[in-house]
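[1] Could you look at this predicted model? Sequence included:
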Amino acid sequence: MIPGAFDYHRPRTLDEAISLLASLGEESRVVAGGHSLIPMMKLRMAVPEHLIDLREVAELRGIAVEGGQITIGAMTTQQEVIGSEELASACPILREAALQIADPQIRSLGTLGGNVANGDPGNDMPAVMQALDAAFVLRGPEGEREVVARAFYEGPFTTALGEGEVLAAIRIAAPAAGHGWAYEKQKRKIGDYATAAAAVLLELEGGTCRKASVALTNVGDTPLHAADAEAALVGSSLDAAAVEAAAAAARAIAEPAEDGRGPRAFRVHLTGVMVARAIEAAKRRAG
Amino acid sequence: MSKMHVKMTVNGSQVEGLAEPRTLLIHFLREQLGLTGPHIGCDTSHCGACTVDLDGKSVKSCTLFVAQANGAEVTTIEGLAAADGSLHPLQEAFREHHGLQCGFCTPGMITRAYRLLQENPTPSDEEIRFGMSGNLCRCTGYQNIVKAIRAAAAEMAAGKEAAE
């Protein structure tokens, strides 16, 4: 499969990338790891005339954990996320989720930024970012702005990222010490998108849940922030009734496509199963 | 959309050539450099037959433009044997333990295993399976592939110890 022809650009700074994007216009695309874009180009579902490769933009790389604030450059690869001990201790759900994405070769090039900015409902990190209430730092010709993950996704491959803007970094307030976390993903095989998946973060105090975050992957046109599921957990002891109420609230908002991953009813059911398992796993780890 | 001048280090040698930016690395390696070790299997980044080592990472060369690899250091299966032709311990182990049947996936398997053993020189069987999960064998000879990698890891650790 041979993609359409394009001119290749390799800017050294983010400003240079943004001005290239502005001057080359709408037939230009930025490429990070390329593991979503290149397959689309090989199928000629994407035919950019200009490809702006961000690989040498140093300011888009790096992981910083300072004073409870985590900043991750958009070009950080999944393998780098997995390999960061700093992230694993400040925000372990990121490693857990990254290990469930694609396979080792793809994780060595695929980036966190590409995964969250692409807008593919099958990508795993968007729901994790919604559970973490992360913010995306977007840079464009008019400067920098932040959009929270919970307001970023508008539809399949449609996000708040404006034309001419580039995702520069992801900012996350580190979850409280002692929080519980889990990313539970059901997939048919390694490398597959989720049949259903759930990201859960919990904070407990004396056996009572004082804070809960729940978000869902690949059971809608966008990642889904399950606010009603969270409400079902907060104030409870995470007993069976609360877990089932949260699972039911998640099922209520799931609208999965009917595809090779199963009929709609099955995927809705599985959404509840993933939520319940993620709550149980997060509860075991909290403390 | 003109051709670009591409330069990279492949198996320790400087190579250069003219290629369209859209040329996939696998095509550049096979068609322009004549390195037909890395195979085109699925052409959709699933099977791993095209795996090469790029700047110290395992990548699927069917999902990378030659333009992106410009300036990189690439190792293919052809680069693993020693200069005198003696096989890499992984190649020896795949032969010894019958780690291949039809052999189509083997260059990708060995090139991936080569990087895996640098990342983790003493993997458990589970870590081998997880580390090799981006490579598919349609003969389903996975048991012996795992066995071969385990044996190569032991062989390489013994060799390292002897050298110290």
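    Looks like it arrived, so ask away.

[2] Near residue A:73, how many residues? Count them for me, please.
    22 (other Cβ atoms under 10 Å in any protein chain shown). The C-beta positions use only the backbone N, C-alpha and C, and glycine is treated the same way.

[3] Was I right to think it contacts residue A:81?
    No. Residue A:73 is beyond contact range of residue A:81, at 10.8 Å (criterion: Cβ atoms under 8 Å).

[4] What is the lengthiest helix in chain A packed up against?
    Longest helix in chain A by number of residues (criterion: DSSP state H): helix A:264-285. Other helices and strands packing on helix A:264-285, by 3 or more Cβ pairs under 8 Å, 6 or more residues apart in numbering or on different chains; DSSP states H and E, are strand A:180-186, strand A:196-205, strand A:208-217, helix A:240-253.

[5] quick one: buried residues of it?
    By 16 or more other Cβ atoms under 10 Å in any protein chain shown, the buried positions in helix A:264-285 come out as A:267-283, A:285.

[6] next one: it to chain centre, how far?
    How far helix A:264-285 lies from its chain's middle: 18 Å, per Cα atoms, centre = their mean, to the nearest Å.

[7] Check stretch B:151-164 too.
    20 Å.

[8] Just the CA trace of that stretch, in CSV.
    Taking C-alpha atoms only, stretch B:151-164 is exported to CSV below (Å, rounded to 0.1, in the frame of the first residue of the first chain):
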residue,chain,number,x,y,z
ALA,B,151,18.1,-20.2,25.6
ALA,B,152,19.8,-17.2,23.8
ALA,B,153,19.3,-15.1,26.9
ALA,B,154,21.1,-17.8,29.0
GLU,B,155,23.8,-18.1,26.4
MET,B,156,24.4,-14.4,26.2
ALA,B,157,24.5,-14.0,30.0
ALA,B,158,27.0,-16.9,30.2
GLY,B,159,29.1,-15.2,27.5
LYS,B,160,29.0,-11.9,29.3
GLU,B,161,30.1,-13.6,32.5
ALA,B,162,33.0,-15.3,30.8
ALA,B,163,34.1,-12.1,29.3
GLU,B,164,34.2,-10.3,32.7
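
[9] Residue A:136 falls within a strand, correct?
    Yes. Under DSSP: H, G, I helix; E, B strand; the rest coil, residue A:136 falls within a strand.

[10] for the record, mean pLDDT for the longest helix of chain A?
    What helix A:264-285 shows for mean pLDDT is 98.

[11] Quick check, residue A:17 in contact with residue A:11.
    Yes. If you go by Cβ under 8 Å, residue A:17 and residue A:11 touch, sitting 4.3 Å apart.

[12] got any residues that touch both of residue A:73 and residue A:81?
    Here residue A:73 and residue A:81 have residue A:63 as joint contacts, going by Cβ atoms under 8 Å, 6 or more residues apart in numbering or on different chains.

[13] now what about stretch A:50-62, what contacts it?
    Residues from elsewhere that reach stretch A:50-62 (Cβ under 8 Å, 6+ apart): A:6-14, A:16-17, A:20-21, A:24, A:27-32, A:72-76, A:113, A:166, A:168-169, B:21, B:65, B:67-68.

[14] redo that, cut-off 6 Å
    A:6-10, A:12, A:14, A:17, A:20, A:24, A:28, A:30-32, A:73-75, B:68 (Cβ atoms under 6 Å, 6 or more residues apart in numbering or on different chains).

[15] which residues does the residue lying closest to residue A:277 once chain neighbours are set aside contact?
    Using Cβ to Cβ, 6 or more residues apart in numbering or on different chains and skipping the chain neighbours, the partner closest in space to residue A:277 is residue A:184 (4.6 Å). Residues in contact with residue A:184 (Cβ under 6 Å, 6+ apart) are A:198, A:274, A:277-278.

[16] Farthest pair within these?
    A:198 and A:277 (7.7 Å; Cβ to Cβ).

[17] Report how many residues lie close to residue 2.
    As the question left the chain open, I've gone with chain A. 12.

[18] Actually, chain B is the one I wanted.
    8.

[19] Please report how far it lies from residue A:210.
    Distance of residue B:2 to residue A:210, given as Cβ to Cβ, to the nearest Å: 62 Å.

[20] hmm, back to that, and the contacts of stretch A:50-62, which are buried?
    A:6-10, A:14, A:17, A:20, A:24, A:28, A:30-32, A:73-75, B:68.

[21] picking up where we left off before, of all the helices and strands packed on helix A:264-285, which lies closest to residue B:138?
    The nearest among these, by Cβ to Cβ, is strand A:180-186 at 25.0 Å.

[22] The closest one pairs with which strands, parallel or anti?
    Under the criterion DSSP bridges, strand A:180-186 sits next to strand A:196-205 (antiparallel) in its sheet.

[23] Which secondary structure state does whichever residue of chain B sits closest to chain A sit in?
    Of all residues in chain B, residue B:134 sits closest to chain A, at 3.0 Å by Cβ to the nearest Cβ. Three-state call for residue B:134 (three-state DSSP): coil.

[24] Not counting its neighbours along the chain, what's nearest it?
    Nearest one to residue B:134, counting by Cβ to Cβ, 6+ apart, is residue A:103 at 3.0 Å.

[25] rewinding a little: what angle do the longest helix of chain A and strand A:196-205 make?
    Here the directions of helix A:264-285 and strand A:196-205 differ by 30 degrees (axes from the mean of the first three to the mean of the last three Cα atoms, to 10 degrees).

[26] about what we covered before: any idea of the pLDDT on the residue nearest to residue A:277?
    Looking at residue A:184, its pLDDT is 98.

[27] Let me see the backbone angles for residue A:227.
    phi -60, psi -40 (degrees, to the nearest 10).

[28] That one and residue A:234, how far apart?
    Counting by Cβ to Cβ, the gap between residue A:227 and residue A:234 amounts to 11 Å.

[29] cool, residue A:134 as well?
    Using Cβ to Cβ, residue A:134 is found at 20 Å from residue A:234.

[30] In terms of packing, which of the two has more residues around it?
    residue A:134 (24 against 15).

[31] Looking at per-residue confidence, what score does the more buried one get?
    On pLDDT, residue A:134 comes in at 98.

[32] need the contact list for it.
    By Cβ under 6 Å, 6+ apart, the residues touching residue A:134 are A:149, A:170, A:172.

[33] Which residue ranges of the chain form strands?
    Chain wasn't specified; assuming chain A. Counting by DSSP state E, chain A has these strands, from start to end: A:7-9, A:28-31, A:50-53, A:63-66, A:69-73, A:135-140, A:143-148, A:153-155, A:158-159, A:166-173, A:180-186, A:196-205, A:208-217, A:224-225.

[34] To clarify, I was referring to chain B.
    Under the criterion DSSP E, chain B carries strands at the ranges B:4-10, B:13-19, B:51-54, B:57-60, B:73-75.

[35] If we go by neighbour counts, what in the lengthiest helix in chain B is buried?
    Longest helix in chain B, counting residues (DSSP H): helix B:142-163. Neighbour counts over helix B:142-163 (16+ other Cβ under 10 Å) mark B:142, B:144-153, B:156 as buried.
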